[in-house]
Structure formats: C-alpha cells, structure tokens
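Colleague: A structural model of the following input is requested.
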Amino acid sequence: MIYNKQFKVEETLPFLDDIVAQWFNNKYSDLSEPQRKAIPLIHDKKNVLVSSPTGTGKTLTGFLSIINELFKKARNNELEEKIYCVYISPLKALANDINKNLNEPLSEIYDLAREKGLDIPKIKVAVRSGDTAQNDRNKMLKKPPHIIITTPESFSLAITATKFKEKFTGVEYVILDEIHEVSSTKRGSLLSFNLERLENLSPGFVRIGLSATQAPLELIGTYLCGYNGERKRDFEIIEVNTNKYLDLSIITPVKDLTLVSYEVANEKMYDILVDLVNSHKTTLIFTNTRSSTEHVAMRLKARGIENIEAHHSSLGKQTRIEVENRLKDGELKCVITSTSLELGIDIGYIDMVIQIGSPKSVSRALQRIGRSGHGVRDLSLGRFIVFDLDDLMECAVMTKAAYDH
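Modeller: Residues are numbered from 1 along each chain as shown. Now for the predicted structure:
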C-alpha cells in the first residue's frame, strides 16, 4: 500500500537500485531521521554509531544500504558465495527476529523483480547461534550465507574454528545491534577481541552500531571501531533525540514495608499483579532472574490468569519462538520474562510493562518500560512493584531520572 504518492526515496537516496527504491516507496511514507542521516554514510563505507529511540527504524537503517549493494551485485551476476555482512545480536531471540524481519523485505523485493521479468540470484540469510542445528552449520561451511546473523558467543566460536574462520575473509559490513548491552561487559571485551580477528581477515570492513539507549556516545563509538595501532578508527555519530511519553509509578504491596515480612509483602504482590493484568489488554512482566520468571508465571496461572506464558533464554528454541509469535499475534494476555524480551525484538503491541523489583539501572528501566507503546510518539506505561526498602529507593531515583531523561 502506498501511503504518500508524493514521496520518492530515490530523491534522498539516489544510489538505490530502482527495484529497491520501488519497494521502499510502496512500503513506507518517508525516511525516518536516523535513516536519512545514516544510510548515505553507510553507502559511503563510513563507520556509524546510531543512537535513536525505539520505533525509528534502526534495523532498516543498518541494512538498507547493504541490501541495496548486494542486490545490485546479484542483478549484475557479481554476487559471490561468501559472507558480506555479519549481524551480531546480544540475544538469540533478537537474532531470530531479525532473520524473520530481514527475509520479509528481501522476499518482497524479489517479488517486484519477478514482476519485471527478472530472474536475479537470491541473497541468502542464515542464523548461527546456540539454537542452530549441526546440519545447518555444515551447510554454511559448504555454502556460506551472504548475511550471517549471530550472537557474540557463536561469532567467537565461528571465527576461531579452523574451517569456518576462512569464510569471514572478505566481509564488508558488521552490524552490532543493541551495542550498549555488551560494550561494558566481559562479553563485550571478547567481542572486541574477535572483531580485531575479523579485521585481520577482512581489513577495513564497515562497522555499524545500533542502540536505543547508549551513553557516552563517543566512548561507545570507540568501542565499536577500536584502534588501528595507536590511532582511533574514524566514525560518525548519529544521535536522534525524540522525547518519549512516560507514565511511571511505584507500587508497594503494603502501606508500610517495615511492618510486614517479605513473605507477606510478596504474597500481596500477586493480588496487585492479577488486578493490573486483568485491567489491560497485553502486559509484559519483567523479573530479574529466570527462576523468578517461572515462579511468577506459575503463581499467576494458579490465580486464574489465562493465556499467560514465561519466556527466557533457557527455554527450547521452538518454545521461545512460539511464545514470541503468539505475543506478536495478540494471543497472549501476559508474558513474564527476565532479559530475553527487553531488546528490539518485534513482539507486537504491549500496553503495560511491570517491573518486579529494581532493574538496577536507568537505561535498563527505560529499555524495559519502552516495550510498552513501542512507537516513537506512543505512551509507555510502566509500573515498578517493590517489596523491600532498597528497591523502593532505587526505583524512586530511577523514576525521577527517567522523567528527567
């Protein structure tokens, strides 16, 4: 469906293939601000760090120029059987979601090509993570995908594997999604080391960092691009500030937490959870541990909440994907999770987010609450439920900081 017949993406991005441009014009009414600023830089092979809110099209920002270049190669019969782009996600769930969301536009672009009577070689996309079957990994070794979607740990195993590491020779692009999640952790240190291994195999590849919440940007950009000897590699920062509308409050299960035991406060919390879940269409509840996720789901089911599921990284692949799809399709009333759904995975419309206990950081609080009202101008409705004084103090400070942000 064409929303705005006056808009022509090729006027802003003249380097797009005519079929890719037609697909974009059919699909979207305009470029978002990060897309308008970052896509030309990626086309010019410049390293880019994009910081923009949820719902501003960061995934397409990172991939559009890459899809365009690979499609042009395919159209000219110049597309080789090698890895051109490595997309790295901190979570398996996000990696699987990107795989779905990347294959959809590719399928639509190739449909347009067929309508024009063109038979163009396919751009192949594949996921390599802990969920990937050995048979599929063997297929990648024989015929590597043009775009590989992976996690920091699986990337580390692949680039140090004797046979597979040579498949990374000639990589032209690397996308680090939700970069703030790994940049200051041990996972991030290992990833940085492996990116330098990749630099030895494919010197000068383009580095693209994406995240909704990140600071300080200069430091994260340095992490993304690293050093060439003693000199920092160059990069551009695209920062888009769009104020998010927030409705936050803190709830205590009892009037005075000092007068009751933890067990009593915890029991009364479930009365509050039942009321909140029943009064909203779709609720996402965050806990801080996987065991708590299962326990809360079990207790709410026992209290009569139907169409409720738990989601965390220890669940089997098919179970996780089924929960994600049912949530996206609006079939679930409530999902309880720890960290596996807090990032950019597409989970459909959520009208309330509940955080049990303190999320321990303002950025994590904003990331989780931002899953409600996913669009840029939508209201994010969040409730912190606390039952000890330390969490109460932390959530009070974080709520003020979130509004100030």
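Colleague: where does this protein dip in pLDDT?
Modeller: Within the chain, the stretches falling below the threshold (pLDDT under 70) are 1-6, 93-96, 213-214, 242-244, 344-346, 374-377, 405.
Colleague: Do you have the helices of it handy? List them.
Modeller: 9-12, 18-27, 33-43, 58-75, 92-115, 134-142, 152-160, 186-201, 217-225, 262-278, 290-302, 317-328, 362-369, 389-404 (DSSP state H).
Colleague: quick one, which of those helices is nearest to Glu342?
Modeller: Taking C-beta to C-beta as the criterion, helix 362-369 is the member of these that comes nearest to Glu342, at 5.0 Å. (C-beta placed from N, C-alpha, C; glycine too.)
Colleague: Now render the helices of the chain as TSV, adding mean neighbour count and distance to Pro253.
Modeller: As requested, the helices of the chain are arranged in TSV below (neighbours: other C-beta atoms under 10 Å; distance: least, C-beta to C-beta, whole Å):
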stretch	mean neighbour count	distance to Pro253
helix 9-12	15	52
helix 18-27	19	46
helix 33-43	21	41
helix 58-75	22	37
helix 92-115	18	30
helix 134-142	12	47
helix 152-160	19	38
helix 186-201	16	35
helix 217-225	18	38
helix 262-278	15	4
helix 290-302	17	13
helix 317-328	17	26
helix 362-369	23	20
helix 389-404	16	11
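Colleague: quick one: which of these is nearest Ile250?
Modeller: Each of the helices of the chain was scored for nearness to Ile250 using C-beta to C-beta, and the closest is helix 389-404 (5.0 Å).
Colleague: for the closest one, the distance to its chain's centre please.
Modeller: Taking C-alpha atoms, centre = their mean, to the nearest Å, the mean C-alpha location of helix 389-404 is offset from the chain mean by 25 Å.
Colleague: what does that helix contact?
Modeller: Contacts to helix 389-404, defined as C-beta atoms under 8 Å, 6 or more residues apart in numbering, come from residues 246, 248-250, 252, 257-258, 355, 357-362, 365-366, 369, 384, 386.
Colleague: May I see the ChimeraX selection of the buried members of these?
Modeller: To isolate the buried ones among the contacts of helix 389-404 in ChimeraX, judged by 16 or more other C-beta atoms under 10 Å, type:
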select :246,248,250,252,257,355,357,358,359,362,365,366,369,384,386
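Colleague: Out of the helices of the chain, which gets nearest to Tyr349?
Modeller: Checking the helices of the chain against Tyr349 by C-beta to C-beta gives helix 317-328 as the closest, at 8.9 Å.
Colleague: Output the contacting helices and strands for the closest one.
Modeller: Packing contacts for helix 317-328, counted by 3 or more C-beta pairs under 8 Å, 6 or more residues apart in numbering; DSSP states H and E, involve helix 92-115, strand 308-311.
Colleague: Report the inter-axis angle for it versus helix 92-115.
Modeller: Going by axes from the mean of the first three to the mean of the last three C-alpha atoms, to 10 degrees, helix 317-328 is angled at 70 degrees with respect to helix 92-115.
Colleague: and the most far-flung residue of the chain relative to its centre, what does it touch?
Modeller: The outermost residue of the chain relative to its centre, with distances by C-alpha atoms, centre = their mean, is Leu259 at 42.1 Å. Leu259 sits next to no residue when contact means C-beta under 8 Å, 6+ apart.
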